Every structure is written in C-alpha cells, then in structure tokens.
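Trainee: here's my sequence, what's the structure:
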Amino acid sequence: MQSSLPTAILGRTDLEVTRLGFGCALWREDKPQWTPEQAIKVWTRALDVGINFFDTAYDYVFSEEWIGWSLQPRYGEFYLATKSGCTDSRPTFNNSDHVWTRDNLLRNIEISLRRLNRDNVDILQLHNATTQEIKEGGLVEALMEIKEQGLVKWIGSSTTLPDLPEILSWNAFDVMQIPYSALERQHEDWITKAARQGVGIIIRGGVAQGEHNARQESMDRWDVFSKAGLDELLDEGESRSSFVLRYTLSHPDSHTVIVGTTSVEHLNENINTVLKGPLSQSVYSEAKHRMDVAGHTVDPVN
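Mentor: Take a look at the predicted model:
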C-alpha cells in the first residue's frame, strides 16, 4: 500500500496509513448529489492518489453497500474501518439509535461484512458508546470475541470527553477516533496521552466540515476563527478550510485525519493541502496562542 501522500504508523496496529483518510459518512437526504455514481467517482479519485484509509459505519445509510460492490476489486489498496452498536432506525445525519449489547455488536459485524463483501475488516470501533454503556454491555469482551473469530484485526472506540480518560485507562483499544481541529481543541493534549500509550489516533472533524459545507452548529465554531484573528496567519491564496486541516495535521500525534466530501474539487483541495504539509512550528504555535487568548482552550490531562 504505497502512496506519495505522507503516512504515519497507526499506533500499535503497525498499519502505515496516509495522513489523509476518507470518511464515508456524508450521505444525506438533503444531498441528492451523493449518488452511487458520485460516491464511486470521489472514492476512485481518493484511491488513485493513494489515500489508503477509509472509515465507514453500520448506520451510514448506503455507505457499506456501495463500498462493497464498487471497491471490492481494490480492497488490496486500502485499510477499512467500520463502527458498531448501531440499529436500523432511520438515521438523522447518519446517527441511528444504538443498542449496546454483545448480541447487537455480533449482528452488526455480520451484516457489515455481508454488505462489504469481506471476510473481515481491519478495524471495528464502538460508535460513541459511553463508559457506562461499555461496561454494562460487556462491549470490550464482545469486541474481543469478534476479534478472536477473525472477523476484525484491531478494535477501537470513537469517543470524546468526558469518557475518553476512563476508556483510555482500560488499555483495551488499539485505536481511538477523536474529534479535533483548530476549532475544536478540547482533546488536544488527550490525543498525545493516548498516542503515547500506543493507541492509533484517527481524527474526525479535522477540517470542521469545511467552511463551505458546515452546518449551523459548525458555523458557530467558524466564528472562533475570526475572533482569534487566524485570517492573519493564512498563506497568500490559502482558504480557511485548508489552514484548519494543516493545523490538524500539525499535531504530532494525529496519525490519520478522515475527511469526507461529495466533491472531487474539495477532495483535490484536501489532497493539495496535505501535500503542502503541516504549518510551520512558528505559525502553529502562534495559532495556538491566539486560540488560547480567544478563550478556545484545551482540556487539561489528569
């Protein structure tokens, strides 16, 4: 799985993943352009330039099915992660209800593999379960059972504060998927702590949905960009979205940043941004300083 894109080792999994991954969660009823044909067009472009990490989930509507019948011939070119705990309830922006039991996790992986036309996936993650839900449902044990059956190679959890510290303390997960960007910095130091324990770090929200594509709640975060005066740090011709992605990539412990898009144009912008590289250390430090002054600070690590 060689690529001209920069890569990193995903923690103790030893998977060499591209710093830019692809998140497959953007099917929505209000996005009619996200058709199978458009998905294949964007995914093919991603694979052709060497992106080798795709992230999906049981409840991303048609995502697993489309991957299964369109990308199966290219499975040797990329690593695939999915998520479990979901149900078949109608998603609202790709979030179904969840049932946190062993039986539902086993059901999820069975159906996901059938959709994906695979015998196993590289990574299976809990889809935002709380510590209480994980403990009460015996979910770590369920994931280990699935792994022992050879259905997954590595296990992980998509998580956030306040659950992240306790989940990390169990030392049970090979990877963690954590939201992070210049506009969502709460987990900045926790990412480092997790990575130093050998956890592979998958960043979601690394471009804050992009200013051109953000929903209202994300637009509120983009107001922070102006408040912190980050426009003054942009390179000539650089977009805000590109700057935010470069900021995310500048975190030394962000192994892969999954960015989804329905547009080849936006995908190409992301690719060019990654090829440009992280921010210089001076600009990265200044951006963090300005965010601190603007009150957009980091949650301390215990």
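Trainee: quick one: low-confidence residue ranges for the stretch 51-200 of the chain.
Mentor: Along the stretch 51-200 of the chain, the model assigns pLDDT under 70 to residues 90-96.
Trainee: in it, mark out all the strands, start to finish.
Mentor: Listed in chain order, the strands of the stretch 51-200 of the chain (DSSP state E, counting those that start in this stretch) span 53-55, 79-84, 121-127, 152-158, 175-179, 200-204.
Trainee: name the strands paired with the fifth one and say parallel or antiparallel.
Mentor: Going back to what we said before, that points to strand 175-179. Strand pairing for strand 175-179, using DSSP bridges, gives strand 152-158 (parallel), strand 200-204 (parallel).
Trainee: tell me, how many neighbours does the residue lying closest to L143 once chain neighbours are set aside end up with?
Mentor: Closest residue to L143 apart from its sequence neighbours, by C-beta to C-beta, 6 or more residues apart in numbering: I155 at 4.3 Å. All C-beta spots, glycine's among them, are computed from the backbone N, C-alpha and C. Number of residues near I155 (other C-beta atoms under 10 Å) recorded here: 22.
Trainee: list the contacts of I155.
Mentor: Taking C-beta atoms under 8 Å, 6 or more residues apart in numbering, we find I155 in contact with 123-125, 143-144, 146-147, 172-175.
Trainee: hmm, try it at 6 Å
Mentor: 124, 143, 147, 173-174 (C-beta atoms under 6 Å, 6 or more residues apart in numbering).
Trainee: closest to D88 among the residues you listed?
Mentor: Checking those against D88 with C-beta to C-beta, the nearest one is L124 at 18.1 Å.
Trainee: what about the closest one, distance to I191?
Mentor: For L124, the distance to I191 (C-beta to C-beta, to the nearest Å) stands at 21 Å.
Trainee: pick out whichever of those two has more residues nearby.
Mentor: Applying other C-beta under 10 Å to L124 and I191 shows that L124 carries more neighbours, namely 29 against 22.
Trainee: nearest spatial neighbour of that one, skipping sequence neighbours?
Mentor: V152 (4.1 Å).
Trainee: for this protein, which segments count as helices?
Mentor: Here the chain has its helices, by DSSP state H, at 36-48, 63-70, 102-116, 131-137, 139-148, 164-169, 188-196, 216-227, 240-250, 264-276, 281-293.
Trainee: out of these, which comes closest to R12?
Mentor: So among these, helix 188-196 is nearest, using C-beta to C-beta, at 10.3 Å.
Trainee: quick one: the closest one to helix 281-293, angle?
Mentor: 130 degrees (axes from the mean of the first three to the mean of the last three C-alpha atoms, to 10 degrees).
Trainee: ok, and what's touching helix 188-196?
Mentor: The contact list for helix 188-196 (C-beta under 6 Å, 6+ apart) reads 164, 168, 176, 178, 201, 253, 298, 301.
Trainee: in it, what counts as buried?
Mentor: 188, 190-195 (16 or more other C-beta atoms under 10 Å).
Trainee: can you lay out these as a markdown table showing distance to D97?
Mentor: Below are those laid out as a markdown table (distance: C-beta to C-beta, whole Å):
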| residue | distance to D97 |
| --- | --- |
| E188 | 31 |
| W190 | 27 |
| I191 | 29 |
| T192 | 33 |
| K193 | 31 |
| A194 | 28 |
| A195 | 32 |
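Trainee: tell me the one of those nearest S285?
Mentor: E188 (12.9 Å).
Trainee: that closest one and A142, how far apart?
Mentor: E188 sits 31 Å away from A142 when distances are taken as C-beta to C-beta.
Trainee: could you do T256 as well?
Mentor: T256 is 25 Å from A142, by C-beta to C-beta.
Trainee: ok, these two, which is more surrounded?
Mentor: Ranked by neighbour count (other C-beta under 10 Å), T256 and A142 place T256 first, with 29 against 23.
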